[in-house]
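Asks: Sharing a sequence plus its predicted fold:
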Amino acid sequence: MPEQDNTSLTFKLVYYGPAQSGKTTNLLRLHDILSPELKGEVMIMETKDDRTLFFDLLPLGFRAPSGLLTKLRLFTVPGQVAHDGTRKAVLSRADGLVFVADSDRTQETNNGEAFQSMADNCHRVGLDFEHIPLVVQFNKRDLPNAVPEAEIRERWDAAPWPVRFATALSGNGVEATFEALLRALYRRHVDGLGLATDHRLTEDAFVAGVLGRTLEPQ
Amino acid sequence: MPEQDNTSLTFKLVYYGPAQSGKTTNLLRLHDILSPELKGEVMIMETKDDRTLFFDLLPLGFRAPSGLLTKLRLFTVPGQVAHDGTRKAVLSRADGLVFVADSDRTQETNNGEAFQSMADNCHRVGLDFEHIPLVVQFNKRDLPNAVPEAEIRERWDAAPWPVRFATALSGNGVEATFEALLRALYRRHVDGLGLATDHRLTEDAFVAGVLGRTLEPQ
Amino acid sequence: MSTSDFDREWRLGELFDAAMLARIGPPLAELLGADLAILDRDGRALWGMPAPDATREALILELEPAGFLASAAARPPQLRSAARMFTALLRAEARYRMASALHLEAVTQDFETLKLEHSRLLASEARYRKLSEELEARVAAQVATLEARQQMLYQAEKLASVGQLAAGMAHEINNPLGFVSSNLGSFKLYLDKFAALHARLAEGEAAWQSLDLDFVIEDGAELLADCANGLARIGRIVADLKSFSNVDRPPTERANLNACLEHAVSVASSPLPPGVTLKTALHPLPLLACNPGHLNLVFLSLIKNGMQAVQDSGRPGEVSIRSEAAPDGITIRITDTGVGMSPAQQERAFEPFYTTRAIGAGTGLGLSTARNIVLAHRGRIVLDSTPGKGTTVSLFFPGTP
Amino acid sequence: MSTSDFDREWRLGELFDAAMLARIGPPLAELLGADLAILDRDGRALWGMPAPDATREALILELEPAGFLASAAARPPQLRSAARMFTALLRAEARYRMASALHLEAVTQDFETLKLEHSRLLASEARYRKLSEELEARVAAQVATLEARQQMLYQAEKLASVGQLAAGMAHEINNPLGFVSSNLGSFKLYLDKFAALHARLAEGEAAWQSLDLDFVIEDGAELLADCANGLARIGRIVADLKSFSNVDRPPTERANLNACLEHAVSVASSPLPPGVTLKTALHPLPLLACNPGHLNLVFLSLIKNGMQAVQDSGRPGEVSIRSEAAPDGITIRITDTGVGMSPAQQERAFEPFYTTRAIGAGTGLGLSTARNIVLAHRGRIVLDSTPGKGTTVSLFFPGTP
């Protein structure tokens, strides 16, 4: 459950995926693209070779009409196999997930293993994997040997999760992925947190607030 | 092998032992007691409950008659069982060891397991356990149910390592333990590093330099 | 010592990159209110341009300077303060770097340990699988051997029971053999008497009477009848023996089971143990395609079991043998009024090698082999026993269609 | 969310304790050249005394202030610079705290995984040990069963070979039995003739001749002799059968092995297969404490094996049986001029259940059982064979001391 006190509400969102699928790049691009009311620096805790060692963190926030400060803290996990303990620790207490898959055809096995590890680790740290908001992003669409979109759509057709396509390096699809997660997140918590009732926050207003868009007048 | 360049020489010394046997206390007391030419702060990287998480570090140094800066970096390892990977990492590249045992009779099994883990880990990180300078310290002599000194001496009689008795909390035996290690360290390296020949450093001068004692005129 | 080792000594230029220095240099200069340069430990400027006459303030992490602050215009106490602030920042950064480098080493080590443990687990499981397969194979091979020996034992047991008969039969033959021989001795004397008559023919009736030839003729006839009986008895015993020794022939004969039962009764009753009565109620039966030698053995064993059960009861009793044609086959019942069997004994009665008697003291075929023979004839065998009352063994053989 | 979680938002008071603030507060105030207080995010002073009219500068770690610098006299750009320096320090500290908290969580998780894997390894090894013990026990139990059946088979085989004899012997008895019966028929006629003579006694010699009584007396004597022979033959067969059926008796008799050999030769030669000659060379032997029934079977089997080997060779040949007293016991040799055995056959000849013939078609005891019987008499048995030339089986029985 998101952390809540009288004046603020914090969602923890985790970007999960195999090593070097572009998780940190997603955060960096979101930091560039988005302009919410509050936006922190990306805290990058990398080690040599630009590989994430602990996590990266991007904080975002906006104020609801009720005055409630809504904060989102976007984390990445380290993708390398050895860091499974760290992944579990970062995954703990997550409110939503983006699975960043690598579209490269040679990475299909890695994607599959990482997705399975995400499901297993969710169970281990006590997350309800069946119901947690989750968006699957196929990144690196610009690769020459990327698995075709139609093939991916067909394969994921039966799965309950939204699938988005992205080229994070150029920023393509990064915001769309995040928006899909925000909508799933809103729907999951709208009733439990009284977002619409207590805080007069519609889904579109929630998304617009986080992304820093101007909400179209209704 | 100690790290050496034209102007300085660095020995890495590691205090090893079961959880809460007094490794950090040894470092804190040495910091209080010793007054070498150069003495840094104790860097304590502890976590909650005052348990060492990564390591503690006390840097000491003095200049040899030749002008060579001799530095000693004293590390502790975390004693808790789960941190075996950290212990191995801290142990890597060590030039000398102090094994801090807990004299409490109920701790005999823990002492034995920790000593065995030290020997195993030395082999794993490529240290020559048979020849590395090592001093065994039985700490907490003030405990009412401490194993008697005679019994410990008898048990360790056949072992090749000096045994020292200490009550680190009050500082008793801490310096004696360290001195024993320094002497073993000097003897191990006197020839390889040309301590006596190139740097005109006798064993007593080496010990006096590190401990910050005034060397008795010969 | 590699640059990723957590326990090396850090220099300023490693801990702060240009971006970081550009972020903290200006506010520090602003605070200092004077010119400022940040130098690495070898005096090289990392940020700012040090004046030639600048004062240096060392930034000490452990024992030696990791770098310097340099300013020409700053007041010394302020430059010292700036150095203290900067050193605090350096230490915090170094601590983070050491923590992350150590974390990486520790996690790598733990992962190695985990992989090692995992490969041990795989090895253990492979070892487990291999051993389990080997042992299962050994067990299976032994089961095959056991079955082969079981089959051999089944063959041997049939022959063995014939062997048991042989001793008794040999004894049985000796008795008639003895008196036939003895009778023949008498004939020799009688022939001599007639030879003597020849010499005294002239005496006529007087010689006849004197030689007592009326008696000789009368007794001779009786002796002849005795001999014929004796020889017939030997013949019957021999026939029984032959009928029982046909156990290796395949079941191709069409035989009357009553004849088999009579053979078995004949053998079982010579001699009849004291206190045991045998009763038969044999009704007309259709011929059955069977191996009569095998069935003889089955019937004989069952009758002898019954007789033994009566003897074991310690009181007189009977064994009754009843045969009957049923619409779909032949029913045979062998009932004794003996000791009976406990439920536990009944349960185990058909197990191979199960016996309540010492090995070698058996009365013939085991019930297990008996059942095998019955099953080979597509028949059924059922035990019904009450301890202290007696046992009935019922056999059913389906008629050939 | 507990205070040890790496991913919480930090407040200034958690990151810097009083000692740390006391170390960095003074130089920062010195640099600022003005009054300074350090406040937590709720405005509470952690170091210094904030003036009521002090200006606050927020120290922002993520989105919100983690604390504030407060000063009344400081110029705003300087206070902002001080806040930037302080924030850099806060961030470095927070980064270290997050790194160490995460390290602890990660190591704990890895340790849990390792413990799990280790307990799986222990479970796998325990499973391995248990299965291995179970299967070993099963194998051992089966070996015991196999041995028990082997023993039973050994008992059964001895009796089985007697059973095999029975059929042949029964047949042998029928022949003399037939002609003795037939002779007795003739005697009946002869008796009638003497009865007729009685009525014609008055005719004297004329009646005698007319009744052909000279022939009757002469033929009667011959018939009697024939009968006696026939009965003796039956008697001998019965004696043989008895001698062979004593297999269940313990070896308590002192017997002459020559008699055993003669029994065996007698049985083996009725009838003698075509093309096979039997020769005996039996020398005086001391008595031997033995089970003659068992040894009969051994000798008979060896003689029959020899006869079969001659028949298998497809040419006439002989089996010679030789007995001899040696200083320390008795030697018996049974030699045939038959097919002989290949080295491979010789090697396996004494294995239990080894035979080159179909099951049930055996000529008696297997060599394995024969050897068991010989060993039970503390004797030795040795095979010596040349393929195409023949086989000698040598037996040695040590004399009773």
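Replies: Okay, I see it.
Asks: is chain D contacted by stretch C:203-222?
Replies: Yes: shown here: stretch C:203-222 in contact with chain D (Cβ under 8 Å from any Cβ of the partner chain) through C:204-205, C:208, C:213-214, C:216-217, C:220-221. Where C-beta positions appear, they are placed from N, C-alpha and C, glycine not excepted.
Asks: Need the pLDDT of residue 197.
Replies: You didn't say which chain, so I picked chain A. As predicted, residue A:197 sits at a pLDDT of 90.
Asks: let's do chain C instead
Replies: 82.
Asks: List the residues that contact the residue nearest to residue A:211 when sequence neighbours are not counted.
Replies: Once flanking residues are discounted, residue A:211 sits nearest to residue A:34: 5.5 Å by Cβ to Cβ, 6 or more residues apart in numbering or on different chains. By Cβ atoms under 8 Å, 6 or more residues apart in numbering or on different chains, the residues touching residue A:34 are A:60, A:175, A:210-212.
Asks: can we see that at 10 Å?
Replies: A:58, A:60, A:174-175, A:178, A:210-213 (Cβ atoms under 10 Å, 6 or more residues apart in numbering or on different chains).
Asks: interface residues of chain A facing chain C?
Replies: A:45-49, A:51, A:53-54, A:78, A:80-86 (Cβ under 10 Å from any Cβ of the partner chain).
Asks: In chain A, what residue lies closest to chain C?
Replies: residue A:82 (3.9 Å; Cβ to the nearest Cβ).
Asks: That residue and residue D:113 touch, don't they?
Replies: No: contact criterion Cβ atoms under 10 Å: residue A:82 and residue D:113 do not qualify, at 11.5 Å.
Asks: buried stuff in the helix or strand where residue A:150 lies?
Replies: For residue A:150, the host element (DSSP states H and E) is helix A:149-155. Residues of helix A:149-155 classed as buried by neighbour count (16 or more other Cβ atoms under 10 Å in any protein chain shown): residue A:152.
Asks: Could you identify the helix or strand that succeeds it?
Replies: strand A:163-165.
Asks: Partner strands of that following strand and their direction?
Replies: Strand A:163-165 pairs in its sheet with strand A:134-139 (parallel), by DSSP bridges.
Asks: how distant is the partner strand from the center of its chain?
Replies: 8 Å (Cα atoms, centre = their mean, to the nearest Å).
Asks: Now it - C-alpha only, PDB.
Replies: These are the backbone C-alpha positions of strand A:134-139, laid out as PDB (Å, rounded to 0.1, in the frame of the first residue of the first chain):
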ATOM      1  CA  LEU A 134       2.100  -3.600 -14.100                       C
ATOM      2  CA  VAL A 135       3.000  -2.400 -17.600                       C
ATOM      3  CA  VAL A 136       5.300  -4.300 -19.900                       C
ATOM      4  CA  GLN A 137       7.500  -2.200 -22.100                       C
ATOM      5  CA  PHE A 138       9.400  -3.600 -25.100                       C
ATOM      6  CA  ASN A 139      12.400  -1.200 -25.400                       C
END
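Asks: quick one on the thing from earlier: mutual contacts of residue A:82 and residue D:113, please.
Replies: With Cβ under 10 Å, 6+ apart, residue A:82 and residue D:113 have common neighbours C:110-111, C:114.
Asks: Make sure I have this right: residue A:213 is in a strand.
Replies: No: per DSSP: H, G, I helix; E, B strand; the rest coil, residue A:213 lies outside any strand segment and is coil.
Asks: How is the spatially closest residue to it that is not a sequence neighbour assigned, secondary-structure-wise?
Replies: With sequence-adjacent residues excluded and distances taken as Cβ to Cβ, 6+ apart, residue A:213 is closest to residue A:207, at 7.5 Å. At residue A:207 the chain is in helix, as set by three-state DSSP.
Asks: for residue C:334, same thing?
Replies: Residue C:334 is classified as strand under three-state DSSP.
Asks: How much space separates it from chain D?
Replies: 23 Å (Cβ to the nearest Cβ, to the nearest Å).
Asks: tell me the angle the helix or strand that residue C:122 is a member of makes with helix D:76-199.
Replies: Assigned by DSSP H and E, residue C:122 belongs to helix C:76-199. Interaxial angle, helix C:76-199 versus helix D:76-199 (axes from the mean of the first three to the mean of the last three Cα atoms, to 10 degrees): 0 degrees.
Asks: And for residue A:185, the neighbour number?
Replies: Residue A:185 has 23 neighbours, counted by other Cβ atoms under 10 Å in any protein chain shown.
Asks: tell me the SS of it?
Replies: Applying three-state DSSP: residue A:185 is helix.
Asks: so who does it touch?
Replies: By Cβ under 10 Å, 6+ apart, the residues touching residue A:185 are A:2, A:11, A:13, A:72, A:95-96, A:132-133, A:135, A:203, A:206-207, A:210.
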